[in-house]
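J.: What follows is a predicted protein model with its sequence.
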Amino acid sequence: MDEFKNFAVEGTPKTPEVNLDGNSGVVLLRGRSIPENSIDFFQPIYSWIDKYSDNPNPTTTLQIRLEYFNTSSSKCILDLFRKFEKINGKSKVVVEWYFETDDEDMEEAGEDYQAIVELPFTMIEVEEI
């Protein structure tokens with residue numbers, strides 16, 4: 001099938017695990033996002049989203065399970081949401097924002113994104129990311 005249907009990157013101590021599944025419509029970012037160069041790290045993800053937007057799954061679920069991200073990653077994550085805003089309508093896009101119990105910073109970050117982008121967010125509190 002299409003070579004861009006699935007895209008995966010193994011997580012490292014500085015970069016999140018990425019799993020982009022075009023068949024199920026599930027987009028997962030999990031772990032820490034403090035890469036040396038956020039733009040370089042996120043570029044292949046943006047390319048995948050651009051191709052995915054041509055023929056998206058009827059439902060697209062963004063699972064954001066980050067325990068920490070730096071300032072440059074926060075801008076890249078916003079850009080990621082902006083790309084999915086453009087798909088919303090062709091696909092029913094929903095964001096599942098996971099945060100650990102007592103991690104007010106990550107909870108607030110999710111609320112901040114929710115206020116900025118026009119995508120439905122579900123805030124999900126978990127014991128551990």
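T.: Everything's here; your move. Numbering: from 1, shown residues only.

J.: what about stretch 119-129, distance to the chain center?
T.: 12 Å (CA atoms, centre = their mean, to the nearest Å).

J.: Span of that stretch from start to end?
T.: Taking CA to CA, to the nearest Å, stretch 119-129 runs 22 Å from one end to the other.

J.: outside of it, which residues touch it?
T.: Applying CB atoms under 8 Å, 6 or more residues apart in numbering, the set of residues contacting stretch 119-129 from outside is 30-31, 62, 65-67, 81, 84-85, 88, 93-101, 107, 110-111, 113-114. The C-beta positions use only the backbone N, C-alpha and C, and glycine is treated the same way.

J.: Stretch 109-117 now?
T.: By CB under 8 Å, 6+ apart, the surrounding residues in contact with stretch 109-117 are 64, 69, 74, 77-78, 81-82, 85, 95, 97, 99, 121, 123.

J.: Recalculate using a threshold of 7 Å.
T.: If you take CB atoms under 7 Å, 6 or more residues apart in numbering as the criterion, stretch 109-117 is touched by 78, 81-82, 85, 97, 99, 121, 123.
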